[in-house]
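Asker: My questions are about this predicted structure, shown below with the sequence.
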Amino acid sequence: MKAAVYYETGSPDVFRYEEVPDPVCEPIGVVVDVQVVSIEGGDTLNRLAGAMAGTPHTVGYQCAGVISQVGSGVVDREVGQRVVCSGLHGSHAEKRAAPAALTWVVPDDLDLPRAACVPIAVGTADDCLFEFGGLARGESVLVHAGAGAVGMAAIQLASQAGARVIATASSDEKLARLAEFGLDHGINYTATDFVAAARELTDGRGPDLVVDSVGGRTLQGSIECAAYRGRIVSVGDAGREDFTPDVALLRPENKTLTGIFFGAELFYNAGRVHPMVQRHLEAVADGRLHIEIDRTYPLAEAAAAHAYVESRAAVGRVLLIP
């Protein structure tokens, strides 16, 4: 099979499009003929400096396609089923082996490109808001990087839950596009101090919950702007900034800071997470949840696709097509 691989971590130009051995189907797993790859934020971070499972290494958390092999110990999957699957690596390829427990059957009326975008982004957003963030109807939430996949999902889920939604983005154009997804107030962080703006938009109180996927100095500002007894969830370091926030600032106003890694929940709490993701696939299928796809690239152009993701110009997901 063909795959986008690399022999060392680094910038997007480390990618090579090469022939590699087909994956082996494990007894409790499946092999999927990949039709769509969703480039996750973690994929770019892993390519930059993450651990490599071997040489060459095939990066990638998530993809969708059709099952071509089923392990001897699997009873709830069959050849020919359309699924979206997740795993630690291996999505940037024509075939991908995955544990059957990390696959979801795609509803008949949902196309594979949108299905490929759901589990990690929407599941992460759900956990940030509700499982760990404790968001309640009538509260306010500040979502950083609102034009990203997690951000767009969080905006929709929070709005549907009856929260007042504020989000940051790097341009007024991006913020204007987010209005249709339930955004109440947008903050262009390149032109405005988001800490001051978030407080002003909440009558000086600050948001009850902040979803922070940026980290660094942005996380510092998230801690500062949250309301008394506010909750801050840290779900990434997209800013790639060498800066450690001062967590002592949490104490005077009894704020809480929670770190979130959705992958851990997939492994340790699959009984809760798996049906939650399946519900979101159904919601996308029937139009209750929108998935925005910015653009697609051939798998052979993985380097260009990763560079585009890292440019932060995208609004929504960037896909690879084998």
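Answerer: Ah, there it is. Quick caveat, the model's predicted, so the values are computed rather than measured. Residues are numbered from 1 along each chain as shown.
Asker: what's across from the closest residue in space to Pro56 that isn't next to it in sequence in the sheet?
Answerer: Spatial nearest neighbour of Pro56, excluding adjacent residues (Cβ to Cβ, 6 or more residues apart in numbering): Val5 at 3.6 Å. From N, CA and C alone the C-beta is placed, and that goes for glycine too. Each beta-bridge partner of Val5 is listed here: Arg16, Thr58, as defined by DSSP bridges.
Asker: ends of stretch 134-146, how far apart?
Answerer: Using Cα to Cα, to the nearest Å, the end-to-end distance of stretch 134-146 comes to 19 Å.
Asker: Check what contacts it and list those residues.
Answerer: Contacts with stretch 134-146, where a contact means Cβ atoms under 8 Å, 6 or more residues apart in numbering, come from 129, 133, 151-152, 154-155, 158, 161-169, 174-175, 178, 183, 186, 194, 198, 201-202, 207-214, 218, 222, 225-227, 231, 238.
Asker: That one: which residues count as buried?
Answerer: The neighbour-count check on stretch 134-146 (16 or more other Cβ atoms under 10 Å) flags Leu135, Glu139, Ser140, Val141, Leu142, Val143, His144, Ala145, Gly146 as buried.
Asker: Which single one of those is nearest to His92?
Answerer: Lowest distance from His92 to the buried residues of stretch 134-146 (Cβ to Cβ) belongs to Ala145, with 22.8 Å.
Asker: where's that closest one relative to Glu18, distance?
Answerer: The span separating Ala145 from Glu18 equals 33 Å under the rule Cβ to Cβ, to the nearest Å.
Asker: same question, Val143
Answerer: As defined by Cβ to Cβ, Val143 lies at a distance of 39 Å from Glu18.
Asker: Show the end-to-end separation of stretch 96-105, please.
Answerer: Counting by Cα to Cα, you get 16 Å between the two ends of stretch 96-105.
Asker: Rounded mean pLDDT for it, please.
Answerer: On average, the pLDDT along stretch 96-105 is 97.
Asker: Can you point out the buried residues in it?
Answerer: By neighbour count, with 16+ other Cβ under 10 Å as the criterion, the buried positions of stretch 96-105 are Arg96, Ala97, Ala98, Pro99, Ala100, Ala101, Leu102, Thr103, Trp104, Val105.
Asker: Same check on stretch 199-209?
Answerer: Using 16+ other Cβ under 10 Å, the residues of stretch 199-209 that count as buried are Arg199, Leu201, Thr202, Gly206, Pro207, Asp208, Leu209.
Asker: May I have the phi/psi pair for the fifth one?
Answerer: The phi and psi torsions at Pro207 (degrees, to the nearest 10) take the values phi -70, psi 150.
Asker: Tell me if I'm right that it and Ile166 touch.
Answerer: Yes: taking contact to mean Cβ atoms under 8 Å, the distance of 6.3 Å between Pro207 and Ile166 places them in contact.
Asker: Can you pull the residues that touch both of the two?
Answerer: Each of Ser140, Val141, Leu142, Ala198 lies in contact with both Pro207 and Ile166 under the rule Cβ under 8 Å, 6+ apart.
Asker: Let me have those in a markdown table, adding pLDDT, distance to Leu257 and secondary structure as columns.
Answerer: As requested, the shared contacts of Pro207 and Ile166 are arranged in a markdown table below (pLDDT from 0 to 100; distance: Cβ to Cβ, whole Å; DSSP: H, G, I helix; E, B strand; the rest coil):
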| residue | pLDDT | distance to Leu257 | secondary structure |
| --- | --- | --- | --- |
| Ser140 | 98 | 18 | strand |
| Val141 | 98 | 15 | strand |
| Leu142 | 98 | 14 | strand |
| Ala198 | 98 | 16 | helix |
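Asker: hmm, which two among those residues are most spread apart?
Answerer: Distances among the shared contacts of Pro207 and Ile166 were taken as Cβ to Cβ; the most separated pair is Val141 and Ala198, at 10.2 Å.
Asker: list residues touching both of those two?
Answerer: With Cβ under 8 Å, 6+ apart as the test, Val141 and Ala198 both reach Ile166, Pro207.
Asker: what separates Met30 from Pro12, distance-wise?
Answerer: Not Met; residue 30 is Val. Relative to Pro12, Val30 is positioned 30 Å away (criterion: Cβ to Cβ).
Asker: Comparing those two, which shows the higher neighbour count?
Answerer: Of the pair Val30 and Pro12, Val30 is the one with more neighbours under other Cβ atoms under 10 Å, namely 25 against 18.
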